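>>> Okay, predicted coordinates and the sequence, questions at the end:
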Amino acid sequence: MADWQIDLIKVVFIWVWALLIAVVMTWVERRASAMMQDRLGPNRAGPFGLLQPLADGIKLFTKEDIIPERARKILFILGPPLFALPAFSAYAVVPFGDKIVLGGKEIILQVSDVNIGFLYVLALGAIGVYGMVIGGWASNSKYSILGGLRATAQLISYEVPMGLALLTIVLLYGTFSLREIVLQQQGTFLGFLPNWGFFKQPLGFIIFMVAAYAEANRVPFDLPECESELVTGYHTEYGSMRLGLYLFGEYVNMGTLAAITVSLFFGGWGLPYVDMSRFLGPVSYGIASFFVFFLKQAFFLFLFVWVRWTVPRFRYDQLMGLGWKALIPLGLINLFITALLVQLTT
Amino acid sequence: MAKQLETICITTGPVEVGDYVTLNIGPIHPAMHGTLRVITKTDGETIVSAKPEIGYLHRGVEKLGENLTYSQFLPITDRLNYCSAICNNVAYEMAVEKLLGLQVPPKAQLIRMIMMELARIADHQVCVGILGVDLGALTPFFYLIIQREEIYEIFEWHHGARLTNSMGAIGGVEADLPERFHEKWPKLRDTIRKANDETDKLLTHNRIWMDRTIGVNAFCADDALNWGFTGPMLRACGVKRDLRKEEPYLMYDEVNFEIPTGKHGDVFDRYMVRMLEMEESVKIIDQAYALYKELPEDAPLMKKVPKIIKPPEGQIYHAIESPNGELGFFIKSDGSDKPYRIKIRPPCYMVYQAFEDLVKGEMISDLIACLSSLNVIAGELDR
Amino acid sequence: MVRRPVVKKEYTLGERVYLVEIGKGLGLTWKHFVYNVKASFRKGPHTVPTCWQYPEDRREIAPIFRGAHMLQLNEKGQELCVGCGMCARACPAKCITVKRGKPAEGEEDKYAGKTMCASFEIDMLRCIFCGNCEKACPKNAIVLGQDYELAEYDPNLCIYDKKRLLANFHRAKAEGRLKPPRKPVPVDAPAPKKKTPSKATMTKKKGESGDSEKA
């Protein structure tokens, strides 16, 4: 197989994989929340209600597409894809496994190992905001505008602590490539701890997680779309599949963020204390590393759901306060200490 | 009169100048309880003015009262505060009994008390749960609502309906405590407490919750009195007034219970007062149940009343402590079988009047939190 | 401008750092999650204790539940209703219309009383299920049963006629869901009787029924 064919297969695979995760996540969200709230959740469509996302999708596709009379038509149409696409694209640099040997060819399980993968992720995360802002602005509704404005302010504020948390990782590993970072996290450190970013940067991890929840618009940071105040915020006026894209984009976004968390702080595809490549064949090793990565990602996806159904929501000013008054100073201190330690140890 | 706690009050808030965005919240809005409408002017997220508009659920209940006989009006009272219909029923029945000069037999009084306290727990559970939902925490709502279902089951086995209870009749109650109550109560009291504990665990000490509620639309005690606040709203402001203690009716003077009070009258205090009141209600039911057990099994449940009730001419006002506050019925009789005039004093109405003062200068999110914590029931407000 | 009390926020350290209390909350939801996941693998439709899978799995309805009405028959299969119209008078929603009639020749043993209801209609769209008709009925003929699924595609079908009310009774009897006979309520000493001229009450009643017809 030529290289471009392999790349194409990888792209299609990761695309389908991201979609599948998002689809299943809508089901997990509903079932898990039901279980946490002593309910049952959707359990009629298919076994355990697994076909429920399909039913939802069909419903959304077949609904009438309404564009409000005085909405900005082009921007209104542009909003949802602009929100969903960057989330998909960010998957491109995620190393979802080590490598697999197929037909004597060694294939890296990553769409492209960009040497500035890091910045790429941050940049795409920032573009996603435009989808919300434009959608909110174009709908010609006060609730939507408020949602869009909140989204802008929130995402801009939380990009900063996220960047600060990620910078410490860059300092620690000396590279921008996600693959390199994962490779450096294998093995142990101090003799007994896995060599994970989480153990080296616990504060950085917490800051990153909080910022990630804000980026993904999840409770407790779901201010742009909080249903009790702003109806549903920036997508109040949307219906049919345009709304579907927004909702879908949120889950894809969650998947991306979970994948990045795993690769930066939890050793990517590696298992702690065990080197899988030693006792597994080249093909089975590739598959195993992929599943290890997936399990870790699944845990963080579940955490998104779990936290959502446990905590209440912030208020707008408190959210800003948390971002600017707590996370950014903490991030700076963390960055300073890390820089000092890196300087002293090397 | 009630003792007041001293809190320092200062005058703050925005001054209304210039143009602001008018944001119309309701009557169709996910956080508006029933069909309420608030026309707000906002400066960014801050509310400069909020004008509540009422009447979307006006059904002419008071006028209906003039056209229905005394016993026909009883089911209509269910539709006032539908979260605790029993309290409305009992308040109305007691007002008519007062007009007739009847003293209800003790067993009926105890059954009424038990049922009313159950209704109070159910009402507070809904209020606290919805407050959580509006602030983004959906889970406690389900823990509480499950217990409410159990309470409703007792209602169903006692008088045959779950929500629109129409309990009892003028002159007493028509059924003894059902077998379900005797079976269920020992377990139910624990599960109610457990659900409250879980809600407490999820919310009370969570900083996000505390930030959202502490100091949010705090209200001064004297202002609250001037506006005519009653019930948990007033107690949250620090005024220890509860009609069950101040003007005991039924057999409330024979049971021991505390009146929980707050300090600042903010959303957190209202929430805490309601949580603690549920606990007190459980205690009251326990004591009333013990008193009930002392009575013989065939003790009378009703006073003999004529089939067509014709109270003597006169007028009467009787108020009880409903979950939301003082629920009063004014009845004027001209000696016929229909009341000449019925006036209902709903607790929500007095509280909702002060809505603008409550939310001025706060943010849009606080308006939602405030409305949930007031527990404004449109059925009672608009009548 | 509004007056507001000064509120000091006093947080403990644990509350201040968010994560401790959120962690406790997560523990609580996790406990529920595990319990319910285990419970949902139980056999039968009623798995999670608080969740009723409605059409297959129904709650137990109280025998005294106030649902759809029925017209009762006695043990001999005779109609109890005598068409007196007390229920119509007691109804606060004015949804009952009764016409009194005499049983046809040779059909007297179908009815328990000397008279019967020629027609009996309940407008279920108006009914508020208060149970006043049941309380007012001197013959215990009309009772509210346990049926609660009353939706119809055609509003005209929501006006229950006598046939339907009797059918309700037959179905309830076949399913053993008849309402238990009302227990007499223990009544305290009789209230002081007031004598009202019977003529006055008669005229009042006439006026009242006139009102209800108009409505």
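Structure received.

>>> Roughly how far does the most centrally placed residue in chain C sit from chain B?
In chain C, the residue lying closest to the centroid (CA atoms, centre = their mean) is C:R66, at 2.0 Å. Taking CB to the nearest CB, to the nearest Å as the measure, C:R66 falls 4 Å from chain B. C-beta here means a position set from N, CA and C on the backbone, and glycine is covered the same way.

>>> who's in contact with that residue?
Counting by CB atoms under 8 Å, 6 or more residues apart in numbering or on different chains, C:R66 touches B:160-161, C:129-131, C:134, C:144.

>>> filter those to the buried ones?
The neighbour-count test (16 or more other CB atoms under 10 Å in any protein chain shown) marks B:160-161, C:129-131, C:134, C:144 as buried among the contacts of C:R66.

>>> Could you identify the most distant pair in the residues you listed?
Of all pairs drawn from the buried ones among the contacts of C:R66, the greatest distance, 12.1 Å, lies between B:A161 and C:E134 (CB to CB).

>>> quick check: mean pLDDT across stretch C:116-123?
Averaged over stretch C:116-123, pLDDT sits at 86.

>>> Could I get the buried residue list for that stretch?
Using 16+ other CB under 10 Å as the test for burial, stretch C:116-123 gives C:116-117, C:120-123.

>>> mind exporting the one helix or strand B:T11 maps to as CSV, just the C-alpha atoms?
Secondary structure from DSSP states H and E places B:T11 in strand B:9-12. In CSV, the C-alpha atoms belonging to strand B:9-12 read as follows (Å, rounded to 0.1, in the frame of the first residue of the first chain):
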residue,chain,number,x,y,z
CYS,B,9,-28.6,46.6,55.9
ILE,B,10,-27.1,48.9,53.3
THR,B,11,-28.6,50.5,50.3
THR,B,12,-27.1,49.4,47.0
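
>>> Give me the distance between the two termini of stretch C:140-155.
Using CA to CA, to the nearest Å, the end-to-end distance of stretch C:140-155 comes out at 28 Å.

>>> Name the surrounding residues that touch it.
B:160, C:61-63, C:65-72, C:79-82, C:87, C:124-125, C:129, C:131, C:133-134, C:137, C:158, C:165, C:168-169, C:172, C:177, C:179, C:181-182.

>>> Which residues does stretch A:259-276 contact?
So stretch A:259-276 is contacted by A:90-91, A:94-98, A:109, A:121, A:166, A:169, A:178, A:181-182, A:185-186, A:188, A:194-198, A:201, A:204-205, A:208-209, A:212, A:285, A:288-290, A:292-293, A:296-297, A:300 (CB under 8 Å, 6+ apart).

>>> Selecting buried members of these in PyMOL, what would you type?
Command for PyMOL, covering only those of the contacts of stretch A:259-276 found buried under the criterion 16+ other CB under 10 Å:
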select buried, chain A and resi 90+91+94+95+96+97+98+109+121+166+169+178+181+182+185+186+194+195+196+197+198+201+204+205+208+209+212+285+288+289+290+292+293+296+297+300
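
>>> quick revisit: so which of the buried ones among the contacts of C:R66 belong to helices?
Residues from these lying in helices, with DSSP state H as the criterion: C:E134.

>>> May I have the secondary structure class of the residue in the stretch 201-346 of chain A that chain B sits nearest to?
Distances between the stretch 201-346 of chain A and chain B by CB to the nearest CB are smallest at A:R313, namely 2.9 Å. Following DSSP: H, G, I helix; E, B strand; the rest coil, A:R313 is assigned to coil.

>>> Identify the residue spatially nearest to it, adjacent ones excluded.
Among residues not flanking A:R313 along the chain, B:G136 sits closest, at 2.9 Å (CB to CB, 6 or more residues apart in numbering or on different chains).

>>> And the one you found, its phi and psi?
phi 100, psi 0 (degrees, to the nearest 10).

>>> so it sits right up against A:P220, yeah?
Yes - with contact defined as CB atoms under 8 Å, B:G136 counts as touching A:P220 (6.7 Å).

>>> so what sits against both of these two?
Contacts common to B:G136 and A:P220, judged by CB under 8 Å, 6+ apart, are A:311-313.

>>> B:T42 sits in which helix or strand?
Counting by DSSP H and E, B:T42 is found in strand B:37-43.

>>> Please name the strands paired to the lowest-mean-pLDDT helix or strand in chain B in the sheet, noting orientation.
When the helices and strands of chain B are scored by mean pLDDT, DSSP states H and E, strand B:9-12 comes last with a mean of 70. In the sheet, strand B:9-12 lines up against strand C:2-5 (antiparallel) (DSSP bridges).

>>> For the partner strand, list every residue counted as buried.
Neighbour-count burial for strand C:2-5 [16+ other CB under 10 Å]: C:2, C:4-5.

>>> Mind giving me the packing neighbours of the helix or strand where A:V305 lies?
A:V305 belongs to helix A:282-308 when assigned by DSSP H and E. Applying 3 or more CB pairs under 8 Å, 6 or more residues apart in numbering or on different chains; DSSP states H and E, one finds that helix A:282-308 makes contact with helix A:3-36, strand A:99-102, helix A:240-265, helix A:276-279, helix C:19-40.

>>> What parts of chain C come near chain A?
Contact residues (CB under 8 Å from any CB of the partner chain) of chain C with chain A: C:19, C:22, C:25-26, C:28-30, C:32-33, C:36-37, C:40, C:47-51, C:53.

>>> Just the strands from the stretch 1-150 of chain A, written as ranges.
Here the stretch 1-150 of chain A has its strands, by DSSP state E, counting those that start in this stretch, at A:99-102, A:105-108.

>>> From B:I47, how far off is the residue located most distally from the centre of chain B?
For chain B, the residue at maximal distance from the C-alpha centroid (CA atoms, centre = their mean) is B:G18, at 39.4 Å. B:G18 sits 15 Å away from B:I47, going by CB to CB, to the nearest Å.

>>> cool, B:M275 as well?
Applying CB to CB, the value for B:M275 to B:I47 is 27 Å.

>>> what number of residues lie near A:I66?
12 (other CB atoms under 10 Å in any protein chain shown).

>>> Spatially nearest residue to it (excluding sequence neighbours)?
A:G239 (5.1 Å).

>>> For that neighbour, which residues are in contact?
Contacts of A:G239 by CB under 8 Å, 6+ apart are A:63-66.

>>> A:F48: which of those residues is nearest?
Closest to A:F48, out of all of the contacts of A:G239 and judged by CB to CB, is A:K63, at 25.7 Å.

>>> how about the longest strand belonging to chain C as PDB, C-alpha atoms only?
Under DSSP state E, the strand in chain C containing the largest number of residues is strand C:116-123. Output in PDB follows, covering the C-alpha atoms of strand C:116-123 (Å, rounded to 0.1, in the frame of the first residue of the first chain):
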ATOM      1  CA  MET C 116     -84.400   4.900  36.800                       C
ATOM      2  CA  CYS C 117     -82.100   7.200  34.800                       C
ATOM      3  CA  ALA C 118     -83.300   7.500  31.300                       C
ATOM      4  CA  SER C 119     -80.000   9.000  30.300                       C
ATOM      5  CA  PHE C 120     -76.900   9.600  32.200                       C
ATOM      6  CA  GLU C 121     -74.000  11.600  30.700                       C
ATOM      7  CA  ILE C 122     -70.700  12.600  32.200                       C
ATOM      8  CA  ASP C 123     -68.500  15.000  30.300                       C
END
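
>>> Contacts for it, please.
When contacts are defined by CB under 8 Å, 6+ apart, strand C:116-123 is touched by residues C:69, C:71, C:79, C:81-83, C:95-103, C:110, C:158-162, C:165.

>>> Show me which residues of the stretch 201-350 of chain B are close to chain C?
Within reach of chain C by CB under 8 Å from any CB, the stretch 201-350 of chain B has these residues: B:201-202, B:205-208, B:210, B:214-215, B:218-220, B:223, B:263-266, B:298-306, B:308, B:310, B:336-337.

>>> So for the helix or strand containing B:Y152, what gets flagged as buried?
For B:Y152, the host element (DSSP H and E) is helix B:139-159. Neighbour-count burial for helix B:139-159, counted by 16+ other CB under 10 Å, picks out B:139-148, B:150-159.
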